[in-house]
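> The following comprises the amino acid sequence and a computationally predicted model.
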Amino acid sequence: MAKMTGKWCTETYKDTALSFKIKKKLYSKRSKFQLVEVFETEKHGNLMALDGCYMVTTREEFVYHDMLAHVPLFAHPDPKKVLVIGGGDGGTVREVMRHKGVESIDFVEIDGDVYTVSKKYFPELVKGLEGDKRVHFKFGDGIKFVKDSKDIYDVILIDGTDPSDIAGGLFGTEFFNDVKAALKKDGIMSMQSEDPWFDLPIIKDVQARLKKTFAYSGLYLAFIPMYPSGMWSFSCASKKYDISVIRNKKSKITGFKYYTPELHSAAFKLPQFVKDGIK
Ligand code: SAM
């Protein structure tokens, strides 16, 4: 939970804690789904927490959004129809929009309050979303949404909260089967899949379920200073492609702050303890 004591905001996670020096709390309100809080930090811009878990800061957000969006979008030869589940802060959709070949982005976030708060306190995350005709806002449960989608998407990105409550189902076999059915025959999915230092068993379960459901599955890492250990994982899967390989020659994008073509494949090279832990 994120707790403010004096000038510090501290998120405790299992037997650890991570603190940010705070100027002030900017917002705190329980939505229909979760407690939404925003703090102004000394050196990291604004910080959003949902039910006391750090989600995004102005300073670090580019790492997570680059890696969740661009690894699958460059692994697919010509992504046109994309589904983003979760990602209410807007950062993932913003990154998808940079691929000019993408024709449609369905944005399915369960909690509209997260997007409204992000518009106010993280304008850089939602920049351009409402002006881009490709973005279709569909506030609702992504788990239900995919059930009604068959053979539609080239890429599905799952930018959910931790596997409990509203997001618990985003880590399960039934959902993965529904995602598979919603993807076209060469579709690719990628999802945030927690922290290898504290939650390797969760990653192991997700990887086993994806392996059972898809022809190809993989795990790649990124380093996100505002998450409990700083190491974060993304689990991906495809009906046809090895996602560590870049195939998309159409997307000419410059100015990344984290993603690079070299890092695209390197991110799949795992430390031995992670390899052992997901066996
Ligand atoms: N993108 C952020 C980052 O940089 O780490 C964090 C993730 S984003 C804020 C997580 C979102 O998933 C939240 O806005 C939450 O409301 C949403 N969410 C959780 N379960 C969902 C579901 N079943 N369907 C749609 N959205 C869901």
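Yes, it's here.
> Please make it C-alpha for all contacts and neighbour counts, starting now.
Will do.
> how about T213, phi and psi?
phi -100, psi -30 (degrees, to the nearest 10).
> The spatially closest residue to it that is not a sequence neighbour: helix or strand, and which one exactly?
Spatial nearest neighbour of T213, excluding adjacent residues (Cα to Cα, 6 or more residues apart in numbering): N177 at 6.5 Å. Taking DSSP states H and E as the criterion, N177 maps to helix 173-182.
> Now do that helix: which elements does it pack against?
If you count contacts as 3 or more Cα pairs under 8 Å, 6 or more residues apart in numbering; DSSP states H and E, helix 173-182 packs onto helix 142-147, helix 200-213.
> tell me the angle it makes with helix 200-213.
Here helix 173-182 runs at an angle of 40 degrees relative to helix 200-213 (axes from the mean of the first three to the mean of the last three Cα atoms, to 10 degrees).
> so does helix 173-182 get close to the ligand?
No. If you take Cα under 6 Å from any ligand atom as the test, helix 173-182 misses the ligand, and the best it gets is 10.1 Å.
> buried residues in that helix?
For helix 173-182, the neighbour count (16 or more other Cα atoms under 10 Å) marks 173, 175-182 as buried.
> what does the model give G255 for pLDDT?
pLDDT, G255: 95.
> cool, and M1?
Model confidence at M1, given as pLDDT, is 66.
> A167 now?
89.
> That one contacts F175, correct?
No. Between A167 and F175 there is no contact under Cα atoms under 8 Å: 10.9 Å.
> circling back to that earlier point, let's have the helices and strands packed on helix 173-182 in a markdown table, adding mean neighbour count and mean pLDDT.
Shown next, in a markdown table, are the helices and strands packed on helix 173-182 (neighbours: other Cα atoms under 10 Å; pLDDT from 0 to 100):
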| stretch | mean neighbour count | mean pLDDT |
| --- | --- | --- |
| helix 142-147 | 19 | 97 |
| helix 200-213 | 19 | 97 |
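> So which of those is nearest the ligand?
The ligand lies closest to helix 142-147 among those, at 3.7 Å (Cα to the nearest ligand atom).
> Check which helices and strands the closest one sits against.
Counting by 3+ Cα pairs under 8 Å, 6+ apart, helix 142-147 packs on helix 173-182.
> chain center to the longest strand along the chain: distance?
Identified as the longest strand of the chain according to DSSP state E is strand 16-30. On the basis of Cα atoms, centre = their mean, to the nearest Å, strand 16-30 is displaced by 21 Å from the centre of the chain it belongs to.
> and if you look at stretch 181-191?
On Cα atoms, centre = their mean, the centre of stretch 181-191 falls 16 Å from that of its chain.
> Name the residues that touch it?
68, 72, 76, 146-147, 149-160, 179-180, 234-241, 243 (Cα atoms under 8 Å, 6 or more residues apart in numbering).
> Output the set of residues of the stretch 101-250 of the chain in proximity to the ligand.
So the stretch 101-250 of the chain meets the ligand at 108-111, 114, 141-143, 159-161, 166-167 (Cα under 6 Å from any ligand atom).
> I'd like to know how far K29 sits from D111.
13 Å (Cα to Cα, to the nearest Å).
> higher neighbour count, the two?
Legend: neighbour count by other Cα atoms under 10 Å for K29 and D111, higher for D111 (19 against 11).
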